[in-house]
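>>> Give me a model of this one.
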Amino acid sequence: MIKRLCSISIILSSVTFGLAQKAIPLDTVHWDINAKSYVLENFKGQEAIYLKEGEIALKDVLFLNGTIEYDIFLKKAPAFPGVYFRINNSDAEHFYLRPHQSGNPDANQAIPSTKGITPWQLYFGPRYSFPYKYTYDDWTHVKIVVDGNRAQVYLNHAKQPNLSWNLFHQPKEGGIRFTGGGGKALHIANITINKEDHEIKDFKPIERKPIEGLVPQWEVSDKFEEKLIKEHTGLKAVIDGRTWGKKINVEEGTAANISRQVQLYDDGPGNTVFAKITVTSNKDQTKLFEFGYSDRAVVILNEQPIYKGTNRFRSRDYRYLGTVGLFDAVYLNLKKGENTLLVAVSEDFGGWLVTGRFSDPSGIKIQ
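Numbers count the residues shown, from 1 in each chain. The predicted structure follows:
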């Protein structure tokens, strides 16, 4: 009987330890610190790291399901502090705050990292962010619960989740890292990781209305340098030199994500691909094609350029985000039979994206 009670006591102790995690010490034993500068100090009653232009990655810990919690002392300045989890090479899940957007609909962001790109120009709106008024004179507590393909975030010990969303990658355990405030250094403290607690409560992700009639799939070329298409006279040689075969599908009912198939940040040169569809027309006719892209595009019909533009962050005014949508249109002079429509899409950051539809698809077929 005594032996049995001892066994029960050990089990209960293990459960208690699993559910009541202590903060992970902020030191170089537990963390890889990669930053322009940092200070380990006691700040506002917490053992904290003051992190500038960098990140801290947890050593020797793989995370699949559980709860991630931390405190952060925000400043009212442009910054994007947050946490990456389930990191596998250049893919990860990501949640971050925008303290300079306090009270606005985009005060924060849930987003994937796909081949090193975080495409907030695709994953935007109330499905992936929520308005929140931050405080700048006290700690902000962040709690993220992860289970399978679902996640929830609670700010400042909220009883109900502030945001519930479906994760973007297949569940696979991976690393964890925290980022600071960019050029504006911020304090981070009291980081805990609890793999035993991953209960999802009241999971109600917001649905996003799809754009009707979009081209559902594009074929994309290999990557090349944008400067090669600066002059229209060299277009044919660039087109002829491409390799093909990779397909990208529309996501979120909004746009296709090129970074699903093409790695922007690698050792190879280039920031541009061709996205292609073949349009078969039953006669010679003109059709309006509405489209969107990020960040810059050249539209080419049957090897002839017909449009050039930019949709980059802040390209149209100082608050312009460059989010993707059907904001541009061009009239296509289609010949009877097959027509090749190419969109050369160049990317800087924020999302490598293409989308489009024919307002009147009668008399044509799209491949």
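>>> Look at Gln170 and say how many residues are nearby.
By the criterion of other CB atoms under 10 Å, Gln170 has 9 neighbours. Using the backbone N, CA and C atoms, a C-beta is placed for each residue, glycine as well.
>>> for it, what are its contacts?
Contact analysis of Gln170 by CB atoms under 8 Å, 6 or more residues apart in numbering lists Asn149.
>>> Specify the local secondary structure of it.
coil (DSSP: H, G, I helix; E, B strand; the rest coil).
>>> Quick check: phi and psi at it.
phi -60, psi 140 (degrees, to the nearest 10).
>>> got it, and Thr233?
According to degrees, to the nearest 10, Thr233 has phi -70, psi -20.
>>> what's the nearest residue to the most centrally placed residue in the chain if we skip its chain neighbours?
Residue closest to the mean C-alpha point of the chain, counted by CA atoms, centre = their mean, is Thr118 at 3.1 Å. In this structure, Thr118 finds its nearest non-sequential neighbour in Ile111, 5.1 Å apart by CB to CB, 6 or more residues apart in numbering.
>>> Same question for Gln121.
Gly351 (3.5 Å).
>>> correct me, but that neighbour touches Thr254?
No: Gly351 lies out of contact with Thr254 (CB atoms under 8 Å); the separation is 10.4 Å.
>>> Neighbour count for those two, which is higher?
Per other CB under 10 Å, whichever of Gly351 and Thr254 has more neighbours is Gly351, with 28 against 24.
>>> quick one, phi/psi of the residue lying closest to Gln160 once chain neighbours are set aside?
Spatial nearest neighbour of Gln160, chain neighbours left out: Asp202 (6.2 Å); criterion: CB to CB, 6+ apart. Dihedral pair for Asp202: phi 50, psi 50, per degrees, to the nearest 10.
>>> Now do the contacts for Asp202.
Gln160, Pro161, Ser164.
>>> and the host helix or strand of Glu55, what other elements does it pack with?
Take DSSP states H and E as the rule and Glu55 turns out to sit in strand 46-58. Contacts defined by 3 or more CB pairs under 8 Å, 6 or more residues apart in numbering; DSSP states H and E place strand 46-58 against strand 31-43, strand 175-179, strand 186-194.
>>> Which one of these lies nearest to Asn339?
Minimum separation from Asn339 across those (CB to CB) falls at strand 175-179, 45.5 Å.
>>> From the contact counts, what lies against that closest one?
Contact partners of strand 175-179 among helices and strands, from 3+ CB pairs under 8 Å, 6+ apart: strand 46-58, strand 82-88, strand 186-194.
>>> Turn those into JSON lines, including mean neighbour count, mean pLDDT and distance to Tyr38.
Listed next are these as JSON lines, based on neighbours: other CB atoms under 10 Å; pLDDT from 0 to 100; distance: least, CB to CB, whole Å:
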{"stretch": "strand 46-58", "mean neighbour count": "19", "mean pLDDT": "96", "distance to Tyr38": "5"}
{"stretch": "strand 82-88", "mean neighbour count": "22", "mean pLDDT": "98", "distance to Tyr38": "17"}
{"stretch": "strand 186-194", "mean neighbour count": "20", "mean pLDDT": "97", "distance to Tyr38": "10"}
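>>> I'd like the ones you listed as TSV, with distance to Ile68 appended.
What follows is the helices and strands packed on strand 175-179, written out as TSV (distance: least, CB to CB, whole Å):
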stretch	distance to Ile68
strand 46-58	10
strand 82-88	6
strand 186-194	6
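>>> Just the CA atoms of stretch 67-87, as CSV, please.
Taking Å, rounded to 0.1, in the frame of the first residue of the first chain, the C-alpha atoms of stretch 67-87 are listed here in CSV:
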residue,chain,number,x,y,z
THR,A,67,1.6,26.4,-24.5
ILE,A,68,4.1,29.2,-25.1
GLU,A,69,3.9,32.1,-22.7
TYR,A,70,6.1,35.2,-22.3
ASP,A,71,6.0,38.8,-21.2
ILE,A,72,7.1,41.7,-23.3
PHE,A,73,7.5,45.4,-22.5
LEU,A,74,6.3,47.3,-25.5
LYS,A,75,7.2,50.7,-26.9
LYS,A,76,4.9,52.8,-29.1
ALA,A,77,7.3,52.5,-32.0
PRO,A,78,7.3,50.5,-35.3
ALA,A,79,8.3,47.0,-34.3
PHE,A,80,7.2,43.4,-34.9
PRO,A,81,8.2,41.3,-31.8
GLY,A,82,6.9,37.8,-31.7
VAL,A,83,7.6,34.1,-31.7
TYR,A,84,8.3,31.5,-34.3
PHE,A,85,7.4,27.9,-33.5
ARG,A,86,7.6,24.5,-35.2
ILE,A,87,10.6,25.8,-37.1
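>>> that older thread, spit out the residues that contact Gly351 and Thr254 alike.
Leu122, Val324.
>>> Compute the number of surrounding residues for Glu173.
Counted with other CB under 10 Å, Glu173 comes out at 14.
>>> what's the answer for Asn42, then?
By other CB under 10 Å, 9 other residues sit near Asn42.
>>> what's the answer for Ser259, then?
24.
>>> With Arg177 instead?
Other residues near Arg177 number 18, with proximity taken as other CB under 10 Å.
>>> Relative to Asp60, how far out is it?
Using CB to CB, to the nearest Å, we find Arg177 at a distance of 13 Å from Asp60.
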